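S.K.: Here is a sequence with its predicted model. Questions after.
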Amino acid sequence: MSLVVLSNQQSESELLGQESSIFKPYSFRNALSSTLTIPRNSQIALQSAKINLDGSVMIGGDSKVFYLYFGQGIKFNGSTHGNSWNTIDDMEQSTAVPIRINLFDGVSPTTKVNSNELGEAVEKALRESFTHPQFMNRVEVQPKLTATGDFQGYEFAFRAGILGNGGAAAYQLNNYIPPTGSALALLQWQKRYGGVANGWLYPANPDGTPAAGKFSLPILFGSTASVTFNVPPLANVGTTNLKAECEYDITEAVLGKVAGQPDIDPTTTVKWFCGLGRSSTGRQGDQVRQGARNNINPSYYRYNNGSDYLQWLKFFYDVGVFMTNENQGGGSGGGGYQYLAGDMNVGQCVCDTFDNAGNVRGGGARFMPKMKVYPYWNDPTSSFTAGGSAWGGAGTAEPNPLRPFNLFTDVLNDGGTVSRVMFRVNGETCKILIESTARTQYIICDYDDTNDAHQNLKPLSQDCWNLYPMMAMNNQRVTAAGSRQKSLTITRFSGANDNFRVPGNEWVNADGTLATHNGLPAGGWNDPSLPGGYRDWNAHLEQNSQGEAVQGLMGRPFINRGSLIYRDAGGNYVAAPNPVKYGNVTGNDPTDLVYNLQRPALILQDSNRYTPTPESSSAQILGFKNIPVQNTEIDQTATGSKVDWYMSSTSVPNFVSTKSIFVRLDNFTQESVNAFRGNISKIIAHLPRFVQEAPSGEGAMYLEPAERVYLDLNNSDVLRVNSFDVSLVYQDETYATSLQGSTIIVLHIRPKE
């Protein structure tokens, strides 16, 4: 029997040898001055090993994944488990989906980092993946240190506060309305399609500069022309500065009719739409929609699905107000909703499995979102219900309230006509108002958690985190001379600013300079695939052919208008509130705005509460040992007059390699099987994970197995050896580069017993 002592360098105390091409601590050769003869039929085993970890961590694919969740907390075994944030029973009731976070995405399966580099990588991944407008690019991950500088883990801060324009510049709102006919937009269109869009007008101010936010059709245009911008309203509303607003001037779109006159003259009016919708990388026609036939539609939407669809509204939107200038039957006239010329309709694209009409057939069509009319005249919050303050002359109740307000025949209570439509977003709720020419505001619909479920618009769930202004017109029936030019104009808009832009993808002027507003970069007004465009959670999934995940969220029972929450088996509306409340932003503007129901959480191990979270496995390296779900708390002491959520590592991370290390003898005749790689290997021993459990994850570590495992050398004759080639590798047999300094391997050779 023989002991063989092998090492990559002479000194055990010097941390050298990393750069040597021959004597690296994870790969070296020891040549013998004389030949060693090994008897036939011998065996070899690892006697002991001494290694030095360099303080870095080798993160394998098994520790690169965790999930971010922003929504209402899920109860633990049916109880809140001491956390009042846990308000819902399961994921089926949630308005959110866990977002997969991949560390070092696109890098090799094994990544070597130190504690600071890991923190930076986690911060970067969270900033890129958390696409909520209040959090985008505003998550911070910092090392958690003792007073003496010892590493204790990480501190996570989710910066939630967005101040009014009087606050710090980095948190100001972007009220900038870019010109719809900017030189940049025209240039992009010409580069893409070789000319100006047919039927598209680029309105100008008297001085010749593009008019901000104006969309106009100057000629007869048979197809619906539409435009989609790409900046989200922020999901917060204060008591002083109303922040999440998008307002449209519709005066010219309905020009040609005077309220109170019963005659309908379709030769001077147009079909029009204004609202809010999501971005999408899906294609249905051209991707840029300035004057194109269709709008940007997600992969899970077909415009002619359901009983309410209209042929001229071919695009997906989330909420909107629209009018047709002729009597039309919904669902292509097949017995669906009946639209009357001049009626002011509210619509939403939402799942309704009860509605199986339309031209899209097959079982899957039932589960797709479809355009549905929202009967605001039955909404108790509306000014247009029976006896509401909007109908007729002063003090006059509408005699037949169970119908839409008609812009041709009905008169508002103040005697004025409808001039503007406003969408006001607060958390998961959307309030729609109109304003008369006399500047009186009336509520079309608003959220009230005491209403019956069908008397509220759908929640602005995770798929609606980022909503963009949308406008569309169709002037096909306008034949009266001088009446063809119609327009819609954005007159007010509140969007995210510098925090929301994606670095390196900012909106630029036609001359290539960076566009600014209030001295800050203006981002996000372009198509998602163009510079300045923004790719949110929905578009990211679509781009990766995972649109069914978005459709799955929209089909949950509390959103699906065909579920028993909204309709009974006979199709009648259920007289009961939605069991899942919508979250709002509360507090005094702007010092303590905070969501009343939602908050961020990290899913660090595969969870049976927050699903799906497959492969989640980052609890140990982030300092949350044995904690599958880590919730955030509100930091009331945050600086800058804003409310933040935070969390902190609950244990000191064992900042050592998450990959086991194996000893491989490369130039001998033994054989083992690496089934993970599916091949024959030269591995002779495994250095178990427990050998690396030093408190600091750095320095010398020693192993002597309690029981040696011998491998046959398969030598039927004597074996003459001149050198030993040793490698220390990971499971995939790549080098264990987290080693430094001196490595000592002791082998034991014996005759086979």
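M.R.: Yep, it's here.
S.K.: Just the strands from the stretch 51-200 of the chain, written as ranges.
M.R.: Applying DSSP state E, counting those that start in this stretch to the stretch 51-200 of the chain gives strands spanning 57-59, 65-71, 73-74, 86-88, 99-102, 111-113, 139-145, 151-159.
S.K.: helices or strands up against the third one?
M.R.: Think strand 73-74. When contacts are defined as 3 or more C-beta pairs under 8 Å, 6 or more residues apart in numbering; DSSP states H and E, strand 73-74 sits against strand 86-88. From N, CA and C alone the C-beta is placed, and that goes for glycine too.
S.K.: follow-up on the earlier one: next, format the strands of the stretch 51-200 of the chain as JSON lines and append distance to residue 450, mean pLDDT and mean neighbour count.
M.R.: Listed next are those as JSON lines, based on distance: least, C-beta to C-beta, whole Å; pLDDT from 0 to 100; neighbours: other C-beta atoms under 10 Å:
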{"stretch": "strand 57-59", "distance to residue 450": "50", "mean pLDDT": "72", "mean neighbour count": "24"}
{"stretch": "strand 65-71", "distance to residue 450": "22", "mean pLDDT": "95", "mean neighbour count": "25"}
{"stretch": "strand 73-74", "distance to residue 450": "23", "mean pLDDT": "92", "mean neighbour count": "24"}
{"stretch": "strand 86-88", "distance to residue 450": "17", "mean pLDDT": "89", "mean neighbour count": "19"}
{"stretch": "strand 99-102", "distance to residue 450": "32", "mean pLDDT": "92", "mean neighbour count": "18"}
{"stretch": "strand 111-113", "distance to residue 450": "52", "mean pLDDT": "76", "mean neighbour count": "18"}
{"stretch": "strand 139-145", "distance to residue 450": "35", "mean pLDDT": "89", "mean neighbour count": "17"}
{"stretch": "strand 151-159", "distance to residue 450": "31", "mean pLDDT": "89", "mean neighbour count": "21"}
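S.K.: could I get those strands as CSV with distance to residue 252?
M.R.: Conversion of the strands of the stretch 51-200 of the chain to CSV gives the following (distance: least, C-beta to C-beta, whole Å):
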stretch, distance to residue 252
strand 57-59, 59
strand 65-71, 40
strand 73-74, 48
strand 86-88, 46
strand 99-102, 42
strand 111-113, 58
strand 139-145, 43
strand 151-159, 41
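S.K.: so which strand or helix has the residue lying closest to residue 450 once chain neighbours are set aside?
M.R.: Once flanking residues are discounted, residue 450 sits nearest to residue 577: 6.0 Å by C-beta to C-beta, 6 or more residues apart in numbering. Using DSSP states H and E, residue 577 maps to neither a helix nor a strand.
S.K.: where do the helices sit along the protein?
M.R.: Secondary structure of the chain by DSSP state H: the helices cover 115-129, 183-193, 330-333, 537-543, 547-554.
S.K.: highest average neighbour count across those helices?
M.R.: The highest mean neighbour count among those, using mean count of other C-beta atoms under 10 Å, belongs to helix 537-543: a mean of 21.
S.K.: what helices or strands is that helix leaning on?
M.R.: helix 547-554.
S.K.: Just the C-alpha atoms of the helix it packs on, please, in PDB.
M.R.: C-alpha atoms of helix 547-554 as PDB (Å, rounded to 0.1, in the frame of the first residue of the first chain):
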ATOM      1  CA  GLY A 547     -48.500  34.900 -23.800                       C
ATOM      2  CA  GLU A 548     -50.600  32.200 -22.400                       C
ATOM      3  CA  ALA A 549     -49.300  33.200 -18.900                       C
ATOM      4  CA  VAL A 550     -50.900  36.600 -19.300                       C
ATOM      5  CA  GLN A 551     -54.100  35.100 -20.600                       C
ATOM      6  CA  GLY A 552     -54.100  32.800 -17.600                       C
ATOM      7  CA  LEU A 553     -54.000  35.700 -15.200                       C
ATOM      8  CA  MET A 554     -56.900  37.400 -17.100                       C
END
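S.K.: Since that was my last question, I'll sign off now.
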